[in-house]
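Student: this is a predicted model, with the sequence first.
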Amino acid sequence: MTENKRVTFGSKLGVLMATVGSAVGLGNIWRFPYMLGENGGAAFLLIYLICILILGLPVMITEFFIGRHTHKNAAGAFKAMAPGTRWSLIGYNGVLAAFLILGFYSVIAGWTLEYILQSVTSPMANKSVEVFASEFSAFSSGLIRPIAWTIAFITITHIIIVSGVKNGIERASKIMMPILFLILFILCIRSVTLPNADKGLAFLFQPDFSKITSSVTLSAMGQAFFSLSIGMGCLITYSSYFNKKTNLQTTALQVTLLDTLVALLAGIMIFPAVFSFGIAPTAGPELVFITLPNVFAQLPMANVWSFIFFILLGLAALTSTISLHEVATAYVHEEFQFSRAKAALLVSTGVLILGVISSLSFGIFKGYTLFGLTFFDLLDYVTAKIMLPLGGMMICIFVGMRVDKKILKAELTNEGTVPFYFFNTYSFFMKYIAPVLIGIVFLNELGVIKGIQRFF
Ligand code: PFF
C-alpha cells in the first residue's frame with residue numbers, strides 16, 4: 001500500500017542515475033580529498049581502491065540482492081527475510097546511520113549554498129589565498145549564516161521527499177551528472193597546469209608505504225563505504241524499487257566505477273592546487289572550500305565557474321541527502337504507520353537539531369569535545385568508521401548464513417537470464433573475505449591485534 005508512494009524509477013537510465021546520485025556527492029568531492037589529505041595521500045588512495053574493489057563491490061551487489069528480493073525498506077527487508085530474529089538490528093543500524101549522517105552532511109551541503117550566493121555577490125578574481133581562507137573561517141564559525149543554510153538545505157530535501165522524487169530528481173540527475181563530469185574535467189586540467197602541480201600529483205599517486213597505519217586503513221575503508229552509500233541499507237531501499245529486469249551486477253559495477261572516477265577527478269582537481277597555493281593538505285573539512293575558490297580565481301570569469309561548480313556540488317549533495325532521508329522516512333512511515341508527510345517531518349525535525357549542533361561545532365561549540373572530537377567529527381566518525389563498515393559486515397554475514405546460494409544466484413542473474421561469470425568468486429568474497437577483513441581492520445584499530453602479537 002505504501003510502495004507506490006516511494007521513489008519509483010522510470011527507466012534503466014533512471015535507476016542508474018538515482019543510484020549514482022546517491023553515491024556521488026559531498027563524499028567524493030569534499031570528504032575524499034580531505035580524508036586523503038589527512039591520511040598520508042597516495043597510501044590512503046591505494047587502500048581506498050582496494051577496499052572499493054574487494055569490499056565495496058561485493059557489499060553493493062549483496063544490498064541490491066536484499067532490496068530487490070524483498071521490496072522492503074532497510075529494516076523491513078531483514079524482518080521479511082528472517083522474521084522474529086535479531087537480524088533486523090542491521091536495518092536499525094542503517095536507519096540510525098542515515099539519520100546521523102544527515103545531521104552533519106546537511107551542514108556541508110548548506111555551505112555550498114553560501115558559496116553559490118557568494119559567486120554572485122562577491123568578485124573572486126585577484127583575491128589571495130589568505131583572504132579566501134579567512135573569509136571561509138569567518139563564515140563557518142559564524143552563528144546565523146551557516147545555520148540558516150543548513151536549515152535551508154534540510155527544508156529543500158524535506159520538500160522533495162514529501163512531494164515525490166520521481167520526475168524532478170530523476171530528470172535533474174540525468175542532465176546534471178554529465179555536466180558535473182565535464183566541469184570536473186576542465187578544473188582538473190586547470191589544476192594540473194598550475195605551477196608546482198607535480199608535487200600535488202606525487203602526493204596523490206606516489207604511495208609512501210610507511211604511512212599505512214591501522215587508522216589510515218580504517219579511514220580508507222570508512223570512506224569507501226561512505227562514498228558508495230553502502231553498509232546502511234540505502235541501496236537496499238533504492239533497489240527495492242528496481243524492477244525484475246534491472247541487471248544488478250552491471251548496475252553495481254557502473255555505480256562503483258562512476259563513483260570512483262568522480263573521487264579520482266576530485267583528487268586531481270584539488271591536490272595540485274593545494275600544493276601550488278601552499279595550502280596544508282591536512283586542513284580538514286575546509287580543504288575543498290579554501291582550495292577551489294583559488295582555482296576559480298585563476299580562470300577567466302572566475303565567478304561564473306564558481307557559480308556553476310557550486311550549483312552542481314549542491315545538486316550532487318541533494319541527490320545524496322534525498323537518499324539518506326528516504327531511508328529514515330520510509331522506515332518511520334512503514335514501520336510505525338505514520339503518514340509519509342508526518343514521517344518526513346519527524347525525520348527532518350530531528351536532523352535539524354543535529355544539524356544546528358553540528359554547525360555550531362565549527363564555532364561556539366568548537367571547544368566541546370568527546371574523545372577529542374567535536375560533535376560534527378563525532379557524528380562523522382561514528383557513522384563512517386563504525387556503523388557503515390559494521391553494517392556491511394553484518395549484511396554479508398547475514399546473506400552468507402541465511403540465504404540459499406541458489407536463491408542468491410537466481411536473483412542476481414535475473415532467474416538465469418543474465419550470466420554471472422564470477423558468481424563463485426563474488427560469493428566467496430561476500431561470505432568470507434569481506435566480513436573477515438572488516439573484522440581485522442576493526443580489531444587492528446582497537447589495538448587488539450598488537451596486544452595479541454605482544455602476548456606471543
Ligand atoms: N555517498 C554519499 C556521498 O558520497 O556523498 C553519501 C551517502 C549517501 C552516504 C547515502 C550514505 C548513504 F546512504
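Tutor: Okay, I see it. Small disclaimer: the values here were computed from a predicted structure and weren't measured.
Student: residue contacts, the residue in the stretch 301-450 of the chain positioned nearest to the ligand?
Tutor: For the stretch 301-450 of the chain, the residue closest to the ligand is Ser320, as judged by Cβ to the nearest ligand atom, at 4.1 Å. All C-beta spots, glycine's among them, are computed from the backbone N, C-alpha and C. The neighbours of Ser320, taking Cβ atoms under 8 Å, 6 or more residues apart in numbering as the test, are 21-27, 105, 229.
Student: take those residues and keep only those in helices.
Tutor: 21-23, 26, 105 (DSSP state H).
Student: and which of these is nearest Leu57?
Tutor: Ala23 (12.2 Å; Cβ to Cβ).
Student: how close does the closest one sit to Thr291?
Tutor: Between Ala23 and Thr291 the computed distance is 23 Å (Cβ to Cβ, to the nearest Å).
Student: enumerate the residues of the stretch 151-300 of the chain near the ligand.
Tutor: With the criterion set to Cβ under 6 Å from any ligand atom, the stretch 151-300 of the chain comes near the ligand through 226-227, 229, 232, 234.
Student: pLDDT wise, what is Phe32 at?
Tutor: pLDDT recorded at Phe32 is 97.
Student: how about it: what's its closest non-neighbour residue?
Tutor: Nearest residue to Phe32, sequence neighbours excluded (Cβ to Cβ, 6 or more residues apart in numbering): Ala263, at 4.5 Å.
Student: next one: the helix or strand containing the one you found to chain centre, how far?
Tutor: Using DSSP states H and E, Ala263 sits in helix 248-277. Put simply, helix 248-277 sits 12 Å off its chain's centre (Cα atoms, centre = their mean, to the nearest Å).
Student: just want the angle from whatever helix or strand comes next after that helix to helix 248-277.
Tutor: Sequence-wise, the next helix or strand downstream of helix 248-277 (DSSP H and E) is helix 287-297. The directions of helix 287-297 and helix 248-277 differ by 70 degrees, with axes from the mean of the first three to the mean of the last three Cα atoms, to 10 degrees as the criterion.
Student: and the angle for the next helix or strand after helix 287-297 with helix 248-277?
Tutor: Sequence-wise, the next helix or strand downstream of helix 287-297 (DSSP H and E) is helix 302-335. Using the same axes, to 10 degrees, the inter-axis angle of helix 302-335 relative to helix 248-277 is 140 degrees.
Student: buried residues in helix 302-335, which are they?
Tutor: The neighbour-count check on helix 302-335 (16 or more other Cβ atoms under 10 Å) flags 302-303, 305-335 as buried.
Student: quick one on the thing from earlier: would a markdown table of the contacts of Ser320 with distance to Glu130 be doable?
Tutor: A markdown table is the format used below for the contacts of Ser320 (distance: Cβ to Cβ, whole Å):
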| residue | distance to Glu130 |
| --- | --- |
| Gly21 | 36 |
| Ser22 | 37 |
| Ala23 | 35 |
| Val24 | 32 |
| Gly25 | 30 |
| Leu26 | 25 |
| Gly27 | 29 |
| Tyr105 | 29 |
| Ser229 | 37 |
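Student: what's around the residue of the stretch 101-250 of the chain found nearest the ligand, how many residues?
Tutor: When scored by Cβ to the nearest ligand atom, the stretch 101-250 of the chain has Cys234 as its residue closest to the ligand, at 3.0 Å. Residues lying near Cys234 (other Cβ atoms under 10 Å) number 28.
Student: so who does it touch?
Tutor: 22, 63, 74, 94, 98, 323-324, 326-327.
Student: repeat that for 6 Å
Tutor: 323, 327 (Cβ atoms under 6 Å, 6 or more residues apart in numbering).
Student: need the pLDDT of it.
Tutor: 93.
Student: what does the one 10 residues further on give?
Tutor: The model reports Lys244 with a pLDDT of 89.
Student: assign the closest residue to it other than its chain neighbours to helix, strand or coil.
Tutor: Among residues not flanking Lys244 along the chain, Asn414 sits closest, at 6.5 Å (Cβ to Cβ, 6+ apart). Per DSSP: H, G, I helix; E, B strand; the rest coil, the local secondary structure of Asn414 is coil.
Student: can you give me phi and psi for Asn414?
Tutor: Dihedral pair for Asn414: phi 50, psi 60, per degrees, to the nearest 10.
Student: can you give me the pLDDT of it?
Tutor: 95.
Student: from Tyr421, how far off is it?
Tutor: For Asn414, the distance to Tyr421 - Cβ to Cβ - is 15 Å.
Student: look at those two and report which has more neighbours.
Tutor: Using other Cβ under 10 Å as the criterion, Asn414 and Tyr421 rank with Asn414 on top: 16 against 8.
Student: now for the closest residue to the ligand within the stretch 1-150 of the chain, how many residues are close by?
Tutor: The minimum distance from the stretch 1-150 of the chain to the ligand, using Cβ to the nearest ligand atom, falls at Gly27 (2.0 Å). The tally of other residues near Gly27 (other Cβ under 10 Å) stands at 28.
Student: please report how far it lies from Ile101.
Tutor: For Gly27, the distance to Ile101 - Cβ to Cβ - is 10 Å.
Student: can you count the residues close to the residue nearest to Phe32?
Tutor: Ala263: 26 surrounding residues under other Cβ under 10 Å.
Student: thank you kindly, that will do.
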